[in-house]
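Undergrad: Sequence and computational prediction follow.
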Amino acid sequence: MSLVPPALTATITVGLMSGGMLGTAVPQLASGVGIGLTLWAQQQTVSTIDTGTLGVGVGLGPFVIPPPLLTANLLVAYAANGMLGVMAPLEAVGFGNGIALGLAQGMLQTMHPLVGTGTGIGRINGPPAFSSIMQGFASVGITGQSSAQKANAISMALMMTIQSLVFPVVIVGSASPVASGGVGNGKIM
């Protein structure tokens, strides 16, 4: 499955509700973030360091971010952006759950030109999510200073989370008896 705004919106809405956010603007907020994260994911690249046998292989796996890690980073980013109201921690928990669940619907697809069968260690690289989330907010009519604060907080939290995230990649493809190593690359689908 690939990341699409309706699916991300649904999971972010459920996540926000799990954090106690029950207002009438929750679907609009979730839609703006969902659209923004879909745009952001398209700009990210996956890089891997591979070992295995000589050949050409591919990798495919879910885009998993641990919700507690994302939530902890959201709480820090909310405070850093001056979002200190009584509902801020609940919203951060809701976004942590919803975004992590939503991004898990995406897949990491990688290509490995020097390793046909083996394993890799992957990382995600790319620009921050701020401008993409602001585009998502604009597309659903969310404007103002607080929207920029919220977009910046989510962007900061995602960047802190992605920078600390490494994940295993299973490489499958043509195999040979010769050992090999190399680098791979890919994208989030």
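TA: Cool, the structure landed.
Undergrad: Setting aside sequence neighbours, what's the nearest residue to the most centrally placed residue in the chain?
TA: In the chain, the centroid-proximal residue (CA atoms, centre = their mean) is Leu103; its distance is 5.2 Å. The shortest distance from Leu103 to any non-neighbouring residue, by CB to CB, 6 or more residues apart in numbering, is to Phe63 (5.1 Å). C-betas here are computed from N, CA, C, even on glycine.
Undergrad: Likewise for Leu158?
TA: Distances taken as CB to CB, 6+ apart put Ala129 closest to Leu158, at 5.1 Å, once the chain neighbours are dropped.
Undergrad: cool, and Gly96?
TA: The spatially closest residue to Gly96, leaving aside those adjacent along the chain, is Thr71, at 3.0 Å (CB to CB, 6+ apart).
Undergrad: cool, Leu114 as well?
TA: Distance criterion CB to CB, 6+ apart; nearest residue to Leu114, sequence neighbours excluded, is Gly182 at 3.1 Å.
Undergrad: For my notes, confirm that neighbour occurs in a strand.
TA: Yes. Gly182 forms part of a strand when assessed by DSSP: H, G, I helix; E, B strand; the rest coil.
Undergrad: Next up, the contacts around it.
TA: 50, 112-115 (CB atoms under 8 Å, 6 or more residues apart in numbering).
Undergrad: ok, it to Thr110 distance?
TA: 12 Å (CB to CB, to the nearest Å).
Undergrad: what does Ser18 give?
TA: 32 Å.
Undergrad: Pick out whichever of the two has more residues nearby.
TA: More neighbours surround Thr110 than the other of Ser18 and Thr110, with 23 against 15 (other CB atoms under 10 Å).
Undergrad: Check what contacts whichever helix or strand the more buried one is part of and list those residues.
TA: Secondary-structure assignment from DSSP states H and E places Thr110 in strand 107-112. Identification of contacts with strand 107-112 by CB under 8 Å, 6+ apart yields 1-2, 46, 48, 50, 56-63, 118, 120, 122, 124, 167, 169, 171, 173, 182, 184-189.
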